[in-house]
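Undergrad: what follows is a predicted protein model with its sequence.
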Amino acid sequence: MAASLQETLADSSVVICAGSGGVGKTTTAAALAAGLAANGKRVAVVTIDPARRLADALGLERLTNQPERVDEDRFADAGLKIEGELWAMTLDSQRTFDELIETLSPDAKTRDEILGNRIYQQLSGAVAGSQEFTAVAKLYELDRSGRFDAIVLDTPPSRNALDFLDAPDRLTGFFEGRALKFLLAPTGFAARALGVGTGAILGVMKRITGVELLEDLSVFFQALGGLIDGFRERAEAVRELLADPHTSFVVVTSPQRDSADEAIFFAEKLRSAKMNFAALIVNRVHRLGDSEESVQTPAKLAGQLGERLGEPLGERVLASYSAAFELAARDQASITRLEEETGVASPVVIPELPGDIHDVDGLVAIHSRLFTSG
């Protein structure tokens, strides 16, 4: 029997939920965090979703860039006892970037020179817009704080699975001379290297010109010169955190082909990078029964429906059932393909639930399916 998700993640200090957009990754991350907290851990869930739905579901007025504790009674009322603590926050990219500068600055003067510099303000806004960059920076900060037994990170959806795994290199790439190349030649390879759009760089040039540009550039690079070693050390520490055996990657997907393709690709990259691919979760799966044996084919059901309901109604019911049967068969075929391509023999399957998950009851419903026995 395969290990349950609770057993798989029991020793994980960091759980990173990865996958494409629209697969329910944010609510899955929240349900995972609730499950770990229910088992006695002090857990922080970090989401990149600025929508109020998760805050409302957790009973928080709003989510900020710092962890806020969730009232455990909300989960108890829904049938889940939180033995530990559950904390939640949303990622503020710009604020996280600024906090990194504050941490690495050798003194208040250097910190103020960088944060107040117009080159930094314009260019960092473009770079900090890369949520992968700031997500790993916040993850490292929370892990080093020692405040939590486990951190669950809801990663940004990405077209390229390597964006998140390569994020540590962005901690140094921005400051190791590439920024100057952007300003002097803001097109072609240089602009693509850090993921900053040409328009953002040209915007800096338009806002700051002439003597002011040269003065700000001089202050910018002089002040940043003392931070480069710190950025290199931070990048290496983040790389080590991502590769640590106690960091578990959980790939979340739906049965839809595009999402499944990305999950397969990401699983391959995790394995090639020798990172801990701990679990595969297939969300929003259409099913007609608990097992294939319990489901009748439309052909077998046709005669029974006609006898019980009469011809007109029986035909309409059969048409609806046939459509649902085909959808369930398609999703099962996708799960079989995911098992074969990722090498995960028993992915965690969460069925399509009625309505949108917008409250604690919905999170508990997902939790009950995540943490059942393998």
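TA: Looks like it arrived, so ask away. No experiment lies behind these values; they were computed from the predicted model shown. Residues are numbered from 1 along each chain as shown.
Undergrad: pLDDT below threshold where in the chain?
TA: Per-residue confidence for the chain (pLDDT under 70) gives these ranges: 1-3, 49-51, 125-130, 158-162, 170-215, 217, 290-294, 306-307, 355-357, 373-374.
Undergrad: and the longest helix for it?
TA: Counting by DSSP state H, the longest helix found in the chain is helix 311-342.
Undergrad: alpha carbons of the following helix or strand past that one, as CSV, please.
TA: Per DSSP states H and E, the first helix or strand lying C-terminal to helix 311-342 is strand 348-351. The C-alpha trace of strand 348-351 is given here as CSV (Å, rounded to 0.1, in the frame of the first residue of the first chain):
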residue,chain,number,x,y,z
VAL,A,348,-3.6,11.7,-4.8
VAL,A,349,-6.9,12.1,-6.7
ILE,A,350,-9.4,14.9,-5.7
PRO,A,351,-12.8,14.7,-7.4
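Undergrad: run the chain-centre distance for strand 348-351.
TA: 18 Å (C-alpha atoms, centre = their mean, to the nearest Å).
Undergrad: any idea how far the helix or strand following it is from the chain center?
TA: Downstream of strand 348-351, the first helix or strand assigned by DSSP H and E is helix 360-370. Centre-to-centre, helix 360-370 and its host chain are 18 Å apart (C-alpha atoms, centre = their mean).
Undergrad: what helices or strands is helix 360-370 leaning on?
TA: helix 25-38, helix 52-58, helix 72-77, strand 348-351 (3 or more C-beta pairs under 8 Å, 6 or more residues apart in numbering; DSSP states H and E). (C-beta placed from N, C-alpha, C; glycine too.)
Undergrad: contact partners of the second one?
TA: Residues external to helix 52-58 that are found in contact with it (C-beta atoms under 8 Å, 6 or more residues apart in numbering): 26-27, 30, 47, 61-63, 70, 74, 86, 88, 90, 356-360, 362-363.
Undergrad: if we can go back for a sec, for E262, which of the helices and strands packed on helix 360-370 is the nearest?
TA: helix 25-38 (11.5 Å; C-beta to C-beta).
Undergrad: any idea of the angle the following helix or strand past the closest one forms with helix 25-38?
TA: Later in the chain than helix 25-38, the nearest helix or strand by DSSP H and E is strand 42-47. Per axes from the mean of the first three to the mean of the last three C-alpha atoms, to 10 degrees, the angle that strand 42-47 makes with helix 25-38 is 180 degrees.
Undergrad: how far off centre is the longest helix of the chain?
TA: Using C-alpha atoms, centre = their mean, the offset of helix 311-342 from its chain centre is 29 Å.
Undergrad: one more: stretch 269-276?
TA: With C-alpha atoms, centre = their mean, you get 17 Å for stretch 269-276.
Undergrad: between the two ends of it, how far is it?
TA: 11 Å (C-alpha to C-alpha, to the nearest Å).
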